[in-house]
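Asker: Give me a 3D structure for the following:
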Amino acid sequence: MTSPRPRPEVLQISPYVGGEATLEGMNRVYKLSSNEGAFGVPPGAQDAYRRLAGELYRYPDGSALDLRRAIGARFGLDPARIVCGSGSDDLIYQLCLAYGGPGRDILMTEHGFSIYHIAGTYAGSRVIKTPERNLTADVDAILAAVSPSIRLCFLANPNNPTGSMLPYEEVARLRAGLPQEVLLVLDAAYAEYVERPDYDPGIRLVNATDNTVMTRTFSKIFGLGGMRIGWAYGPPAVIDVFNRVRPPFNVSIAAQGAAIAALAEPGWVEKGRAHNSEYRPKLAAALTAVGIKVWPSEGNFVLADFATADRAAAADAHMRRRGVIARQVGGYGLPQCLRITVGNVEEVQVVIDALAEFMTEPGS
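Answerer: Predicted structure coming up:
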């Protein structure tokens, strides 16, 4: 007798491993492994969550109409061209399943977000990773990899875990160079942290084309990672596809209420962006000063480069002994690096002190 077996490619997928949250034997843990917001949950979102406790037996609005209207009002978008999901990962899976599949290949960059590879492989696509230049997406390399079988191209901008970013003109050049039948997916999970004037999260290209979609999340600056809420903005035809294939109640009633309240929280995004703009450079400068290479980042994290996998592992172990959890990124092809979230003031200083101490140890 034989047991049920999945499609062979499914067993080739390495399970996604999220950032760790606990350390055995530690009373105080600084969790800087998942790029969560530095200030926790917006007070208004907490209030909304509590108010909805008595409604949890109700099914949510399957279309998330009020949430889509709130997103549209906040960002100046047509709610009819917005779809919500259980995190942006949910929407990425739906795109891969709807537009990918056997014989329909997917492009992503060498160190791009791992969910693209997982979801694409799950859909039955061949996922092709293109070389990067200085840990930054290379438009020419992406375009050189285009073939008649390509149907999707994913670009995280800013990218996780490298923090690198392409300016609008380069993204527009990518879109112009891709065939019309290729859907370009711009994953802008960290858009709210970017202050560079040459950046656009994807709205301009979505508005200008019928083959570009932008994904966003409430898991970062809006502080709702535990609620699992994401959204996409796209052309009507793509939104129609989303609404045909997504689960019918994919955003809970509590998540919708919390997200609407988070969008309305006065000064919340500005506070988070200002803190990140001040403390990300401080963290990078302090690590650089003690001899650690830090790659340029536009997200709420830095990528610390220890030159070898052994040194990165040693640095990680040293921080863990002091209660600090960073993110190992060997699964992204960067075993010599650690990704470290820009936390609150105390957390940033703890990282600086721990790594300064590590770099004074013999052999470092």
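
Asker: Relative to the whole chain's centre, how far out is stretch 209-219?
Answerer: Chain-centre distance of stretch 209-219: 12 Å, with CA atoms, centre = their mean, to the nearest Å.

Asker: Stretch 148-160 too?
Answerer: Its chain's C-alpha centre and that of stretch 148-160 lie 13 Å apart, by CA atoms, centre = their mean.

Asker: measure it end to end?
Answerer: End-to-end distance for stretch 148-160, by CA to CA, to the nearest Å: 28 Å.

Asker: quick one, what contacts residue 213?
Answerer: Contacts here follow CB atoms under 8 Å, 6 or more residues apart in numbering; on that basis residue 213 touches 95, 183-186, 202, 206, 232-235, 238. Using the backbone N, CA and C atoms, a C-beta is placed for each residue, glycine as well.

Asker: Show me what it is bridged to.
Answerer: residue 185 (DSSP bridges).

Asker: got any ranges where the protein has weak pLDDT?
Answerer: Along the chain, segments meeting pLDDT under 70 span 1, 363-364.

Asker: longest helix in it, by residue count?
Answerer: Longest helix in the chain by number of residues (criterion: DSSP state H): helix 268-289.

Asker: ok, residues contacting that one?
Answerer: Under CB under 8 Å, 6+ apart, the answer for helix 268-289 is 37-39, 42, 192-193, 195, 221-223, 262, 294, 297, 300-302, 304, 340, 342, 344-345, 348, 351-352, 355-356.

Asker: please redo it, this time with the cut-off set to 6 Å
Answerer: Contacts to helix 268-289, defined as CB atoms under 6 Å, 6 or more residues apart in numbering, come from residues 37-38, 42, 192-193, 221, 294, 300, 302, 304, 342, 348, 352, 355.

Asker: circling back: in TSV, list the contacts of residue 213 along with neighbour count, distance to residue 74 and secondary structure.
Answerer: Listed next are these as TSV, based on neighbours: other CB atoms under 10 Å; distance: CB to CB, whole Å; DSSP: H, G, I helix; E, B strand; the rest coil:
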residue	neighbour count	distance to residue 74	secondary structure
95	27	23	helix
183	24	25	strand
184	22	24	strand
185	27	21	strand
186	28	18	strand
202	26	15	coil
206	23	16	helix
232	27	15	strand
233	28	12	strand
234	27	17	coil
235	17	20	coil
238	23	21	helix
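
Asker: So which of those is the closest to residue 136?
Answerer: For the contacts of residue 213, the minimum distance to residue 136 (CB to CB) is 15.3 Å, reached by residue 186.

Asker: distance of the closest one from residue 214?
Answerer: Residue 186 is 5 Å from residue 214, where distance means CB to CB, to the nearest Å.

Asker: now residue 193
Answerer: Residue 193 sits 16 Å away from residue 214, taking CB to CB as the criterion.

Asker: how far away is residue 237 from residue 81?
Answerer: Separation of residue 237 from residue 81 (CB to CB): 10 Å.

Asker: what about these two, which has more around it?
Answerer: Under the neighbour definition other CB atoms under 10 Å, residue 237 and residue 81 were set side by side, and residue 81 has more, 18 against 9.

Asker: Contacts only, for residue 333.
Answerer: Residues near residue 333 by CB under 6 Å, 6+ apart: residue 111.

Asker: can you map out the helices along the stretch 151-300 of the chain?
Answerer: All helices of the stretch 151-300 of the chain, identified by DSSP state H, counting those that start in this stretch, fall at 168-177, 203-208, 236-245, 253-264, 268-289.

Asker: So for stretch 85-104, what gets flagged as buried?
Answerer: Within stretch 85-104, the residues that count as buried by 16 or more other CB atoms under 10 Å are 85-100, 104.

Asker: Could you break the protein into its assigned domains?
Answerer: Per the record, the chain has its domains at 8-40+268-359, 43-264, by automatic domain parsing.
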